[in-house]
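Colleague: using only what follows, build the 3D model:
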Amino acid sequence: MSPRSLAVVLAALAALLPAVAPSPAAAMLKGLQDDELLASPEPAVRATFWRDAERAGVRRVRTLVRWTPQWRVPDPADVVRVLQAGEQARAIGARLLVGVYAPIARGRPSFRVTPAMIDRYGRFMAALAEALRDAPVAAYLTYNEPNFRSMWPQRQAASWVKLSNAGYDAVKEVDPRIDVLVGETSSQAAAGGGSTNPGAFLRKALCLDARWRRIPRDTAACDRMLLADGVAIHTYDIRRPNPLAPGSHPDEWTAGNLASVRRQLRALARAGKLPARAARNIHVTEYALRTTGPRAVPRRTAATYLRRAWTLARRHGVRSFTWYGLRDPRDTAHAWQSGLRGRGGTPRPVFSTFRRLR
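Modeller: Numbers count the residues shown, from 1 in each chain. A predicted model of the protein is given here:
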């Protein structure tokens, strides 16, 4: 058959095949967090959160429970609050992301992590998963911002892996079907050594060098994999005027550095330090823009930045994207203000943008 005849035949076959459009970016679930509203003793106040969450099409609600190194079981008040949130989440077609808030090293630079403490944490996570067995929990998050020095002693990064793994095993023992996400890393090193860049923290915790290769050490800690079904990250940029600009260092896991985040997670998987499935299952569990203080973003600019941050996350395959703060906290001295609404409930332009995100 001549080349011309072959081309005619191929063209005829192609005409019989259905047209294939380029694959769109995968759907990304919208999340929202405001524990101050959810912990309110007033049902009418809690209802304001759920009303806005439903109107915005929220499908993930993140909430935190407290833990101290002495606790083997969660605070009953936290359990009641999360169960109440679960009932409301189910009513609007949403599920919960349940994380652990534990500033164990705040004001204690010489704090030591012990095997007994890790054992108590495992028991705590098992008790939490048992208490919430019938709640609509999408995933547990093992630890909030371990690369921040008030949350975890930075010289003991490898012990955090052991603790996180204990939490993973404990939840899976209660319910093997539920996802456990790890990381929940703060996005970048703070001035004055307040935190470690997440990429550097994970390399230190998992005995890897700057090129993500194993450091040969004859210790059980260096043979350990970080057990996970997915990875949760916080993607604030608190240094640059444009919070979506690419970071100056790939170890910063900001909204503008998501391409680097994906590369580094794949490197962890290649080194045998993270399951390959977890490296592909990325969730932004905190993102927001300040409304007050020296890092405040102008109202309309914040709306534009949110839309772009959402688009970037979706483009890079992020599975869920959670905004931190529906309303500014009642305490005007609170260090973090990032409400979609003002303290009194007045909506900001960013709230309209949040509602339209799809």
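Colleague: any idea how far Cys207 is from Gly256?
Modeller: From Cys207 over to Gly256 the distance is 29 Å, taken as CB to CB, to the nearest Å. C-betas here are computed from N, CA, C, even on glycine.
Colleague: now swap in Gln154 and tell me
Modeller: 24 Å.
Colleague: close enough to count as contact, Ala228 and Ala276?
Modeller: No. Counting by CB atoms under 8 Å, Ala276 is not a contact partner of Ala228; they are 10.8 Å apart.
Colleague: looking at those two, which is more packed in?
Modeller: Using other CB atoms under 10 Å as the criterion, Ala228 and Ala276 rank with Ala228 on top: 23 against 13.
Colleague: in which helix or strand does that one reside?
Modeller: Using DSSP states H and E, Ala228 is not contained in any helix or strand.
Colleague: tell me the contacts of it?
Modeller: Shown in contact with Ala228 (CB atoms under 8 Å, 6 or more residues apart in numbering): 164, 168, 180-183, 274-275, 278.
Colleague: ok, Arg327 next?
Modeller: With CB under 8 Å, 6+ apart, Arg327 has these contacts: 34, 36-37, 339-343, 345.
Colleague: now render those as CSV, adding distance to Arg358.
Modeller: Listed next are the contacts of Arg327 as CSV, based on distance: CB to CB, whole Å:
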residue, distance to Arg358
Asp34, 21
Glu36, 27
Leu37, 24
Gly339, 22
Leu340, 16
Arg341, 21
Gly342, 25
Arg343, 28
Gly345, 24
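Colleague: of the residues you listed, just the buried ones, ChimeraX syntax please.
Modeller: Typed into ChimeraX, the line below selects the buried ones among the contacts of Arg327, using 16 or more other CB atoms under 10 Å:
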select :34,36,37,339,340,341
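Colleague: and which of the contacts of Arg327 is nearest to Ala129?
Modeller: Closest approach to Ala129 among those (CB to CB): Asp34, at 23.6 Å.
Colleague: distance check, that closest one against Asp251.
Modeller: Computed as CB to CB, the Asp34 to Asp251 distance reads 30 Å.
Colleague: now swap in Ala91 and tell me
Modeller: Ala91 sits at a distance of 41 Å from Asp251 (criterion: CB to CB).
Colleague: who's more crowded, those two?
Modeller: Asp251 (21 against 11).
Colleague: residue ranges with poor pLDDT in the chain?
Modeller: Confidence mapping of the chain against pLDDT under 70 gives the ranges 1-26, 218.
Colleague: need the strands for it, in chain order.
Modeller: With strands called from DSSP state E, the chain shows them at 29-33, 60-66, 95-101, 137-141, 179-185, 230-234, 282-287, 320-324.
Colleague: in TSV, list these along with mean neighbour count and distance to Arg112.
Modeller: Listed next are these as TSV, based on neighbours: other CB atoms under 10 Å; distance: least, CB to CB, whole Å:
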stretch	mean neighbour count	distance to Arg112
strand 29-33	23	31
strand 60-66	21	21
strand 95-101	22	19
strand 137-141	24	24
strand 179-185	26	22
strand 230-234	25	26
strand 282-287	26	28
strand 320-324	24	31
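Colleague: could you dump these into a markdown table and include distance to Gly86?
Modeller: Output for the strands of the chain, formatted as a markdown table (distance: least, CB to CB, whole Å):
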| stretch | distance to Gly86 |
| --- | --- |
| strand 29-33 | 15 |
| strand 60-66 | 9 |
| strand 95-101 | 6 |
| strand 137-141 | 7 |
| strand 179-185 | 16 |
| strand 230-234 | 19 |
| strand 282-287 | 17 |
| strand 320-324 | 16 |
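Colleague: right, so of those strands, which gets closest to Arg300?
Modeller: Closest approach to Arg300 among those is made by strand 320-324 (16.9 Å; CB to CB).
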